[in-house]
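> Build me a structure from this.
(chains A and B, ligands or ions: 1)
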Protein chains: 2
Amino acid sequence: MARRDWTEKLRVYLVTDDRPDHGEVAAIVEQALAGGVTCVQLRRKQEDGGPMLKLALRLRELASAHGALFIVNDRLDIALLSGADGVHVGQTDLPASLVKSRFPELVVGVSARSVGEAAQAEHDGADYVGVGSVYPTATKGDAVLTGLDVLAACKRAVRIPIVGIGGITVERAADVLAAGADGVAVVSAIMSAQDPKAAAAAFVGRTFMNT
Amino acid sequence: MARRDWTEKLRVYLVTDDRPDHGEVAAIVEQALAGGVTCVQLRRKQEDGGPMLKLALRLRELASAHGALFIVNDRLDIALLSGADGVHVGQTDLPASLVKSRFPELVVGVSARSVGEAAQAEHDGADYVGVGSVYPTATKGDAVLTGLDVLAACKRAVRIPIVGIGGITVERAADVLAAGADGVAVVSAIMSAQDPKAAAAAFVGRTFMNT
Ligand code: NI
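Below you'll find the predicted structure:
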């Protein structure tokens, strides 16, 4: 995929949560896609490969139907087997450099908590970095808080697109983009919304309004 | 790898444990290889991809230096990135059929607890099945106990090689082979031995003696 094809798709980036019911996850993702999210990342901690692959195949289909990007967190194998557009790795996951060199056709994203990590990710061949937590978050209680300053500094330091993540609400989305992010990544503000479609649409409205 | 090259290498099959110290794991594996184990499977539950890949690369090198097979449990991506000979999957891991069809060059092993699961594995294209637990084991407290009867029935039901696993000691190894296994898989009897090299050599002596 050429970069111009997918950078725009980082704009409203949904990351799934760990709720056990796959049917629920798929239903929320489908509503969020209907609401306009441009990217879906499947993130499942502690799930066996078999069920996770099944869920990945389901989300792959949903994302394709809505023209959205589909990314798998951590499990490169599940990304490959499900036909995902890419894989997202943290600092202790598979190294981006090796993944990118072996599977150059995949979009590779890296989580960064500092300018140094973002610069290293770019050096390693990452296609984008996820910077955060921008705000305090319950999803990752032990996450490093970067604030908007680090995000802005990352934007000055690297040329690859940046997605802000962590505690981002509809109200805060414009600030995150204003600080230099190309997109906002969201977990609970959509996954736990009473109306995930409306929540997604609110993010879409707010983020594209500020272009 | 042609089957005749590797079936013999299933004979004394070491599976790593979860001890946190990678240096210790590598040292034990190296001693076990010096003692004659013919296959090493890296099995790590709940370890991040980055450190697991590093350990895999180290064991890949050790196994190659001793002419042994190197297999990665569950994580197909780590198998691919480390240059492993194969991947071993459980009933809730990635499906053997898909792994084999996408990566036919890999040796694919499947854990089976019954004749039905062993036959399904063969049907799915698995290259071998690991049947067990043959004996009670502390390594997997919740494992189904198959005994030697199920192993013998699997041997009659499938043509692919069978490795017995679960609670196999040097004293029991000959019985497991006599029941139809092509090899014995061992965790604690080597990993926790005072002298892993001697323990491995004892298994080698006992299993090849009974050919
Ligand atoms: Ni393109």
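
> following the lowest-mean-pLDDT helix or strand in chain A, which helix or strand shows up next?
The helix or strand of chain A with the poorest confidence is helix A:3-7; it has a mean of 71 (mean pLDDT, DSSP states H and E). Next along the chain after helix A:3-7, taking DSSP states H and E as the criterion, comes strand A:12-15.

> what's the distance between that next one and the middle of its chain?
Centroid separation for strand A:12-15 versus its chain: 5 Å, with CA atoms, centre = their mean, to the nearest Å.

> Repeat that for stretch A:145-156.
17 Å.

> For that stretch, which outside residues touch it?
Residues from elsewhere that reach stretch A:145-156, judged by CB atoms under 8 Å, 6 or more residues apart in numbering or on different chains: A:112-115, A:118, A:129, A:131-136, A:162, A:164, A:166, A:175-176, A:179-181. To be clear about C-beta, it is placed using only N, CA and C from the backbone, and glycine gets the same treatment.

> change it to 6 Å
With contact meaning CB atoms under 6 Å, 6 or more residues apart in numbering or on different chains, stretch A:145-156 is reached by A:Arg113, A:Val115, A:Ala118, A:Val131, A:Gly132, A:Ser133, A:Val134, A:Ile162, A:Gly164, A:Ala179, A:Gly180.

> Pull out the buried residues from it.
Going by neighbour count (16 or more other CB atoms under 10 Å in any protein chain shown), the buried part of stretch A:145-156 is A:Thr146, A:Leu148, A:Val150, A:Leu151, A:Ala152, A:Ala153, A:Cys154, A:Lys155.

> Next one: the fifth one from A:Ile162, what distance?
Between A:Ala152 and A:Ile162 the distance is 10 Å, computed by CB to CB, to the nearest Å.

> for A:Gly90, same thing?
From A:Gly90 to A:Ile162 the distance is 16 Å (CB to CB).

> These two - which one has more neighbours?
The residue with more neighbours, out of A:Gly90 and A:Ile162, is A:Ile162; 26 against 18, by other CB atoms under 10 Å in any protein chain shown.

> I'd say that one and A:Val184 touch.
No. A:Ile162 lies out of contact with A:Val184 (CB atoms under 6 Å); the separation is 10.3 Å.

> what's near enough to touch the residue sitting furthest away from the middle of chain A?
Residue farthest from the centre of chain A, counting by CA atoms, centre = their mean, is A:Gly50 at 22.3 Å. Residues counted as contacts of A:Gly50 (CB under 6 Å, 6+ apart) are B:Thr92, B:Asp93.

> Pull up the gap between it and the ion, please.
A:Gly50 is 31 Å from the ion, where distance means CB to the ion, to the nearest Å.

> what about the strands in chain A?
Per DSSP state E, chain A carries strands over the ranges A:12-15, A:39-42, A:69-73, A:86-89, A:107-112, A:128-132, A:162-165, A:183-186.
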